[in-house]
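Participant: Dropping the sequence and predicted coords here.
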Amino acid sequence: MNLHRTHSRQIASAKAGFSPSTGARLDADSRLPSHKQPPRGRRRPDPLAEVWEAEIVPMLQAEPGLRPVAILGEMQRRHPGFPADVRRTLERRVRLWQGLHGPERDVIFRQEHPPGQQGLSDFTDMGPLGVAIAGVLLDHRLYHFRLAFSGWEHAQVVLGGESFVALAEGLQDALWTLGGAPAEHRSDSLSAAFRNLERDAVEDLTRRYEALCAHYSMQPTRNNAGVAHENGSIEASHGHLKAAVEQALLLRGSRDFDDLDAYRRFVDEIIGRANAGRRRAIELERATLRPLPPRRTTDYEEAIVTVTRSGGFLLRRVFYTVPSRLIGRRLRVRLYDDRLECFLGGSPVATLRRGRIPPGRAGRGRTGQVVDYRHVIHALRRKPGALLNLIYRDQLFPRAEFRQAWEALIVARAPREACRTMVGLLALAHERACEVELAAALAESLDAGELPDLAALRARFEPARTSVAPVVTIALPSLAAYDALLGQLCQGVRAQGAVA
């Protein structure tokens, strides 16, 4: 067609490489061959012809969110014998109708994140990964902090729920590790922390959260409830973090850790490797962060408790034991996510593992127990019979081997004798500081089908007797030897002075 502008039909056809008759046909109709094909009609009757306009379209107009599978089920209910093999046809027809006549949908507006502007916090459930501590499944979450610009991350194991204490402790650890604070801190609505709270408690948490952000000169913001994509810079990274932990667990070959600290180090290593790949962006953003204040702010809750005659106190429906010398004293307790720090006046007196009510027992008026046998063993030695029906007996045993030994003793011996033996074993573990070794010895005896022999175990873990100290004789030199030594030193000094 371009050659035909300056040449005749014959010449243009020859230059283009086809005959003049083909050129005449193209002059008569310049459409491409693909445009000349008539639209393909239906090859078989429309299976939805009778119900589409009459029934399905009115249903979609009334409820645009109806799924094709639900519409198919309704058609089969209305019309017995309605074919089930039209599902794909119905899905395509509904998808086309929604594209032509469906309602307007929400639009996500992508945002730019200047360096140093925004940091985000959220919690993610890690229970499905099946992590265990010493053979016991760990029900936990991760507190997750992330900078929107560089993607710098911080993750922290949380044993409780999405509480303000967990948020405050995790956020401050993240900021002090980072070395600065962003201008804005965004979180979700902390629904788990505010659920089932009275209005005054909700307002108190709100004030504490605002004071926490003000301490670091950050503007607190929250996304709208139920709109997760407004927190998308961290919601999306939850999946990446979980996938990284899952893959690292597979490479490790085991999901069981010796203790909680080992699992925390495992998570820190994963986060550290991820941050190492973002070093350039992190250094760029770190220069724009706001400086940190001189010190951290409160990241715990406080309570005042009184130690009862039971050798402990009740706090948040959990009973904790403390050394018996504190009975009758009022303690100031700081509640963290994983521990309690107890103070008598201004002096720290105990650090306890934080306990929580077991799942399924919260609404039955029962309490949990956090018991340390070292706090009560001296009293149990005077009254060993109290062990038989002790309300927190199961929590008194420090390891599973001690509990198994008790179960074997109470079956094979009289209750009085079983209590004396069990209390003796606990006292032995405390006095000789051999809890781990004693647990291994108990396991050996039980595996052999034997009951623990308290006398033999006491002899086995008796401190080794030290040998008699050797007699060392020290011979003192005479004073004349010192005089001779000093005389030689003086002559040497005078000789050096004469030479000078």
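Facilitator: Ah, there it is.

Participant: check contacts around the one residue sitting closest to the centre of the chain.
Facilitator: Closest to where the C-alpha atoms of the chain average out (CA atoms, centre = their mean) is residue 142, at 1.8 Å. With contact taken as CB atoms under 8 Å, 6 or more residues apart in numbering, residue 142 is in contact with 123-124, 126, 155-158, 241, 267. In this view, the C-beta of every residue, glycine as well, is placed from N, C-alpha and C.

Participant: try residue 238
Facilitator: Residue 238 touches 122, 124, 144, counting by CB under 8 Å, 6+ apart.

Participant: between these, which is closest to residue 46?
Facilitator: residue 124 (48.6 Å; CB to CB).

Participant: Provide the secondary structure category for that closest one.
Facilitator: Judged by DSSP: H, G, I helix; E, B strand; the rest coil, the three-state class of residue 124 is strand.

Participant: Residue 314 and residue 249, how far apart?
Facilitator: Counting by CB to CB, to the nearest Å, the gap from residue 314 to residue 249 is 38 Å.

Participant: Then residue 296?
Facilitator: In terms of CB to CB, residue 296 sits 32 Å off from residue 249.

Participant: Equivalent analysis for residue 317, please.
Facilitator: Distance from residue 317 to residue 249, by CB to CB: 34 Å.

Participant: would JSON lines of the contacts of residue 238 with distance to residue 172 and pLDDT be doable?
Facilitator: As requested, the contacts of residue 238 are arranged in JSON lines below (distance: CB to CB, whole Å; pLDDT from 0 to 100):
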{"residue": "122", "distance to residue 172": "16", "pLDDT": "89"}
{"residue": "124", "distance to residue 172": "19", "pLDDT": "90"}
{"residue": "144", "distance to residue 172": "15", "pLDDT": "93"}
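
Participant: Out of these, which comes closest to residue 385?
Facilitator: Nearest member of the contacts of residue 238 to residue 385, counting by CB to CB, is residue 124, at 48.7 Å.

Participant: what's the closest non-adjacent residue to the closest one?
Facilitator: Ranked by CB to CB, 6 or more residues apart in numbering and with sequence neighbours excluded, the top spatial neighbour of residue 124 is residue 238, at 4.4 Å.

Participant: what about the one you found, helix or strand, and which?
Facilitator: For residue 238, the host element (DSSP states H and E) is helix 232-252.

Participant: Kindly export that helix (C-alpha atoms) in PDB.
Facilitator: Written as PDB, here are the backbone C-alpha positions of helix 232-252 (Å, rounded to 0.1, in the frame of the first residue of the first chain):
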ATOM      1  CA  GLY A 232       0.400  -3.900  54.100                       C
ATOM      2  CA  SER A 233       4.000  -3.100  54.600                       C
ATOM      3  CA  ILE A 234       4.200  -5.500  57.500                       C
ATOM      4  CA  GLU A 235       1.200  -7.700  56.900                       C
ATOM      5  CA  ALA A 236       2.800  -9.000  53.700                       C
ATOM      6  CA  SER A 237       6.100  -9.600  55.300                       C
ATOM      7  CA  HIS A 238       4.500 -11.800  57.900                       C
ATOM      8  CA  GLY A 239       4.200 -14.500  55.300                       C
ATOM      9  CA  HIS A 240       7.800 -14.100  54.300                       C
ATOM     10  CA  LEU A 241       9.000 -14.300  57.900                       C
ATOM     11  CA  LYS A 242       7.000 -17.400  58.600                       C
ATOM     12  CA  ALA A 243       8.300 -19.000  55.400                       C
ATOM     13  CA  ALA A 244      11.900 -18.200  56.300                       C
ATOM     14  CA  VAL A 245      11.400 -19.700  59.800                       C
ATOM     15  CA  GLU A 246       9.700 -22.800  58.300                       C
ATOM     16  CA  GLN A 247      12.500 -23.300  55.800                       C
ATOM     17  CA  ALA A 248      15.200 -22.800  58.500                       C
ATOM     18  CA  LEU A 249      13.400 -25.400  60.700                       C
ATOM     19  CA  LEU A 250      13.400 -27.900  57.800                       C
ATOM     20  CA  LEU A 251      17.100 -27.300  57.300                       C
ATOM     21  CA  ARG A 252      17.800 -27.700  61.000                       C
END
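
Participant: So which bits of that helix are buried?
Facilitator: Across helix 232-252, burial judged by 16 or more other CB atoms under 10 Å covers 232-235, 237-238, 241-242, 244-245, 249.

Participant: Check which element follows that helix along the chain.
Facilitator: Sequence-wise, the next helix or strand beyond helix 232-252 is strand 256-257, with elements assigned using DSSP H and E.

Participant: So which elements touch that following strand?
Facilitator: If you count contacts as 3 or more CB pairs under 8 Å, 6 or more residues apart in numbering; DSSP states H and E, strand 256-257 packs onto strand 132-133.

Participant: So, low pLDDT: which residues of the stretch 251-400 of the chain?
Facilitator: 358-365 (pLDDT under 70).

Participant: all helices of it, in order?
Facilitator: Listed in chain order, the helices found in the stretch 251-400 of the chain under DSSP state H, counting those that start in this stretch are 260-276, 279-286, 373-382, 393-396, 400-412.

Participant: Next, the angle helix 373-382 makes with the last one.
Facilitator: Yep, that's helix 400-412 we're talking about. Taking axes from the mean of the first three to the mean of the last three CA atoms, to 10 degrees, one finds that helix 400-412 is oriented at 20 degrees with respect to helix 373-382.

Participant: Can you get me a residue count around residue 430?
Facilitator: Residue 430 is flanked by 18 other residues according to other CB atoms under 10 Å.

Participant: So it sits against residue 380, correct?
Facilitator: No - applying CB atoms under 8 Å as the test, residue 430 and residue 380 come out as separate, 10.3 Å apart.

Participant: one step back: and the residue nearest to the centre of the chain, that one's in a strand?
Facilitator: Yes - counting by three-state DSSP, residue 142 falls inside a strand.

Participant: List the contacts of the nearest residue in space to it that is not next to it in sequence.
Facilitator: Nearest residue to residue 142, sequence neighbours excluded (CB to CB, 6+ apart): residue 155, at 4.9 Å. Taking CB under 8 Å, 6+ apart, we find residue 155 in contact with 142-145, 241, 267-268, 270-271.

Participant: how about a cut-off of 7 Å?
Facilitator: 142-144, 241, 267, 271 (CB atoms under 7 Å, 6 or more residues apart in numbering).

Participant: roughly how far is the helix or strand where residue 494 lies from the heart of the chain?
Facilitator: Assigned by DSSP H and E, residue 494 belongs to helix 479-499. Its chain's average C-alpha position is 75 Å from that of helix 479-499, according to CA atoms, centre = their mean, to the nearest Å.

Participant: Please save the CA atoms from that helix in CSV.
Facilitator: Listed next in CSV are the C-alpha coordinates belonging to helix 479-499 (Å, rounded to 0.1, in the frame of the first residue of the first chain):
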residue,chain,number,x,y,z
LEU,A,479,68.5,-11.2,107.8
ALA,A,480,72.2,-11.2,106.9
ALA,A,481,71.3,-12.4,103.4
TYR,A,482,69.1,-9.3,102.9
ASP,A,483,71.9,-7.0,104.1
ALA,A,484,74.4,-8.6,101.6
LEU,A,485,71.9,-8.2,98.8
LEU,A,486,71.3,-4.5,99.6
GLY,A,487,75.0,-3.8,99.9
GLN,A,488,75.6,-5.2,96.4
LEU,A,489,72.8,-3.1,95.0
CYS,A,490,74.2,0.1,96.5
GLN,A,491,77.7,-0.6,95.1
GLY,A,492,76.2,-1.1,91.6
VAL,A,493,74.4,2.3,91.8
ARG,A,494,77.6,4.1,92.9
ALA,A,495,79.6,2.6,90.1
GLN,A,496,77.0,3.7,87.5
GLY,A,497,77.1,7.2,88.9
ALA,A,498,80.9,7.4,88.6
VAL,A,499,80.8,6.3,85.0
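
Participant: any idea of the mean pLDDT in that helix?
Facilitator: The average pLDDT for helix 479-499 rounds to 78.
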